[in-house]
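Asks: need coordinates for the following:
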Amino acid sequence: MKNKRWVVLLTAVLVEVAGIVHTAIRYVTIFNDRYTGFPATVSLLILVPYSICSVLCLIVWAILKRKARGNKQ
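Replies: Model prediction:
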């Protein structure tokens, strides 16, 4: 059970890092393209799915932690 919690936590962290890297790369791409029809700040919307996935992973982690604590008592 302890390994599952660490896997979920690590997944959440990796998803968030991937979101940050993806957003940074997209921001640079949009910023350097003078023919883009929307502002570069729109690229921050790319973080929304990554953030949702990270939050879901953290919720699963918290549930697994609570269940493990309940099984010990």
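Asks: quick check: chain neighbours aside, which residue is closest to residue 60?
Replies: residue 8 (5.2 Å; CB to CB, 6 or more residues apart in numbering). For the C-beta atoms, the positions are set from N, CA and C on the backbone; glycine is no exception.
Asks: what's the neighbour count on the one you found?
Replies: Applying other CB atoms under 10 Å, we find 20 residues neighbouring residue 8.
Asks: show me the contacts for it.
Replies: Residues in contact with residue 8, defined by CB atoms under 8 Å, 6 or more residues apart in numbering, are 57-58, 60-61, 64.
Asks: at 6 Å instead, please
Replies: Counting by CB atoms under 6 Å, 6 or more residues apart in numbering, residue 8 makes contact with 57, 60-61.
Asks: in the protein, where is pLDDT below threshold?
Replies: Residue ranges of the chain with pLDDT under 70: 1-2, 30-44, 46, 72-73.
Asks: relative to residue 70, how far out is the residue nearest the centre of it?
Replies: By CA atoms, centre = their mean, the mean C-alpha position of the chain lies nearest to residue 16, the distance being 3.0 Å. To residue 70, residue 16 is 28 Å away according to CB to CB, to the nearest Å.
Asks: then residue 47?
Replies: Distance from residue 47 to residue 70, by CB to CB: 34 Å.
Asks: of these two, who's got more company?
Replies: Remark: of residue 47 and residue 70, residue 47 carries more neighbours, 16 against 8, as counted by other CB under 10 Å.
Asks: find the residue closest to the residue nearest to the centre of the chain in space, skipping its chain neighbours.
Replies: residue 54 (4.6 Å).
Asks: can you give me the helices in the chain?
Replies: Along the chain, counting by DSSP state H, helices occupy 2-32, 47-72.
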